[in-house]
Structure formats: C-alpha cells, structure tokens
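**Student:** kindly generate the corresponding structure for this input.
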Amino acid sequence: MDTLQNMRVFVRVVEAGSFTGAAQHLNTTTAYASRAVSDLEAHLRTRLLNRTTRRIALTEAGERYLQRCEQILAYVDQAEAEASDAHARPSGKLKVHAMASFGQQYVVPAVGRYQQRYPDVQIELTLAQRLPDLLDEGYDVSLTLAIDLPDSGLVSQRIGAAFSIPCASPAYLERYGVPQTPDDLKNHVCLRMVTPISPADEWSFNGPDGPHTIELGPATFQVNVAEAAAMAARVGMGIGLIPLYSAISGLRSGELVWLLPEYTAQEMNIYALYPSRQYLDAKIRTWVEFLRDEVPATLAADQAELRQFART
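**Tutor:** Model (predicted):
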C-alpha cells in the first residue's frame, strides 16, 4: 500500500466532499478513490469517514488524522520543492577537499570569485595531502593532482595540468654553483617533497633530449607540502623541485631562481572528483564548471609569466 498517496486521496476526498469530486481532480476513477480511503482505514483499523449515498462526514478520528495528513503532505511538498530546486539553483553548503598547496594558491581565490557569482553557496574547504573517501567523509568534490587516476567508481573531470620546476635561492647558487644539466643535481643538496603523487627518491624531467630521471642522494630535508619546500629553498637550504603555483611568488620576489629552464618535471593532471553524475546538485555542477574555466586560465597566466624568469 502506498500510504502517502492514499493520504493525498483522503485529503482530496474531504476537500471535494465526495469520492467522485476527488477522482475528477486526481484524474482517476471513483472506485480508486474509494479503495484508497478503505485501504487507509484497514491499515489504521479506524474509520475515517462516515458515508451515505448522498454525503460523507469525518469521524472524530478522521478529523485528527486529516490534520496530521495535511501537515505531513505539506512537509513532503516542501522537501520535494527544495530538492528539485537544488538541481536547478546553486545553494547550501558545498564541502570541498583540495591538495594543500594547490588549494591554497588556486582554490581559495577561486572560491571568492565563485561566491560572487553564487552568493547562496557556503563552501567548506579542507586542504590535505591525502585523497579522502568522498562518500564516508561527506565531501561533495575533491580536487587532486595525479598522472593517472585509479579506478574508484567516482566521476572525474580533468580541469587542467601543472608541472614543477627546479629552484634555489641566489645565496645557495652563489655558494654551490649553478647546475647545467639534470645530472649535475646529483652533486647538490636536493630538498625532498614527498606526497602521495611525488616519489621520495627520484626526480623525473622532460627536456630537449626527452625524459630524464635522476636518483636522489641521502635526504637532508624532507617535507610533504609544496609551500614548505619552497620556503626551504628560499632560505638557502638546497634545490627544490617545486610546483609552479608554489614557486611563482618566490620567483617574483627574487628569492628563488629558476634552474634548468629547458627542463620541466613530469606534468600532473588536475582532476575534480565527485560521487555521481546523475541528478547532479546545482552547486556541484556549477563549481566544477567554474573551475574548468578558472584553473586553466590561471595556470596559463603563471606559465606565461614564468618565461621571464629563465636563467641562461
């Protein structure tokens, strides 16, 4: 028995004053309307309506039940309207995860611009190096960097790509010299940045002669966040292989020097992950669409600016 539908029929019968009038309004048959009310009474073991050939009348129990039905149906209608509106109009809380340094440099500014366009969305942003379980932890969208994604059952949208560059401070280079090839890095202090997407013991480059990988020596400093690696390079602790989005401010200030400008580290894809494509909430859809426009434009601007910092 569809209790909710039978409630709707019962309310409509009372409003219409007859089974026939209710059936006409609901575009069904009088027999169906009568059976729906009878099924409710059998389910409740209570008579709701007294019937004669000419009229119907609510029993005392029917009057109480009618009030509850009207309240319940109003809540259901409101819930359905809100759920349907969520598909059409961005609003409510959007829970987002992003890799720490990428999120700090690119996602936080994007949040501000997104909320100017969609002020009814409240964004809760978590920055962490690990990839969370979206379903168990309740995230709507995760922004992660990877060469390729494992099969997870999540929907993924590629929104751009980023790469890292070798950098050091002017003071370090003055003291230890400037490497001319990737192999020269073996004779330098190489700062380690270890994350789920960064191997701990090697650096890989793409250059004029194709891919090139070097094995790193013993670590003197290791960290798991790009901003910390960039700071270590700024203060002269060694050479860091730093994502462009974390290195660009140091290049602008002169605290970092871009080394081996004809080489770049292996490119990392930037993905937006979310649980389902079906009936996608408007705030998730518009957030991902916004990032697909915003992030590539920001990356392109940083990469265009980078060329002026090449050291020959």
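
**Student:** my guess is Ser246 contacts Ala100. True?
**Tutor:** No. Using C-beta atoms under 8 Å, Ser246 is not in contact with Ala100; the gap is 9.8 Å. Using the backbone N, CA and C atoms, a C-beta is placed for each residue, glycine as well.

**Student:** ok, those two, which is more surrounded?
**Tutor:** Taking neighbours as other C-beta atoms under 10 Å, Ser246 and Ala100 compare with Ser246 leading, 28 against 19.

**Student:** which other helices and strands does the helix or strand harbouring the more buried one contact?
**Tutor:** Assigned by DSSP states H and E, Ser246 falls within helix 244-253. If you count contacts as 3 or more C-beta pairs under 8 Å, 6 or more residues apart in numbering; DSSP states H and E, helix 244-253 packs onto helix 100-102, strand 164-168, helix 226-234, strand 257-258, helix 282-306.

**Student:** in the protein, which residue is most central in space?
**Tutor:** Taking C-alpha atoms, centre = their mean, the centroid of the chain lies closest to Val141, which sits 1.6 Å from it.

**Student:** mind listing what it touches?
**Tutor:** Residues in contact with Val141, defined by C-beta atoms under 8 Å, 6 or more residues apart in numbering, are Leu94, Lys95, Val96, His97, Ala272, Leu273, Tyr274, Ile284, Trp287, Val288.

**Student:** ok, now how distant is the second one from Ala146?
**Tutor:** When C-beta to C-beta, to the nearest Å is the yardstick, Lys95 and Ala146 sit 21 Å from each other.

**Student:** out of those two, which sits in the busier spot?
**Tutor:** Taking other C-beta under 10 Å, Lys95 and Ala146 do not tie; Lys95 has more neighbours (18 against 15).

**Student:** tell me the contacts of the more buried one?
**Tutor:** By C-beta under 8 Å, 6+ apart, the contact set of Lys95 is Glu124, Thr126, Gly138, Tyr139, Asp140, Val141.

**Student:** mind redoing it with 10 Å?
**Tutor:** 122-126, 132, 134, 137-142, 284 (C-beta atoms under 10 Å, 6 or more residues apart in numbering).

**Student:** between those, which has the most around it?
**Tutor:** Ser142 (24 neighbours).

**Student:** how about exporting whichever strand or helix holds that residue as CSV, limited to the C-alpha atoms?
**Tutor:** Ser142 is part of strand 141-146 when elements are defined by DSSP H and E. Output of strand 141-146 as CSV, limited to C-alpha atoms (Å, rounded to 0.1, in the frame of the first residue of the first chain):
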residue,chain,number,x,y,z
VAL,A,141,34.1,17.5,-4.6
SER,A,142,37.7,16.6,-4.3
LEU,A,143,40.5,18.3,-6.3
THR,A,144,43.5,16.2,-6.7
LEU,A,145,46.7,16.0,-8.8
ALA,A,146,47.8,12.8,-10.4
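
**Student:** and the angle for that strand with helix 282-306?
**Tutor:** Per axes from the mean of the first three to the mean of the last three C-alpha atoms, to 10 degrees, the angle that strand 141-146 makes with helix 282-306 is 30 degrees.

**Student:** what pairs with strand 141-146, parallel or antiparallel?
**Tutor:** Strand pairing for strand 141-146, determined by DSSP bridges: strand 92-98 (parallel), strand 268-274 (antiparallel).

**Student:** for Gln122, which non-adjacent residue is spatially closest?
**Tutor:** The spatial neighbour of Gln122 that comes closest, neighbours along the chain excluded (C-beta to C-beta, 6 or more residues apart in numbering), is Lys93 at 4.9 Å.

**Student:** distance check, that neighbour against Asp120.
**Tutor:** 10 Å.

**Student:** and what of Gly254?
**Tutor:** Counting by C-beta to C-beta, the gap from Gly254 to Asp120 is 43 Å.

**Student:** wait, what's in contact with Val295?
**Tutor:** Phe102, Tyr106, Val107, Ala110, Leu143, Ile159, Gly160, Ala161, Ala162, Tyr245, Ile270, Ala272.
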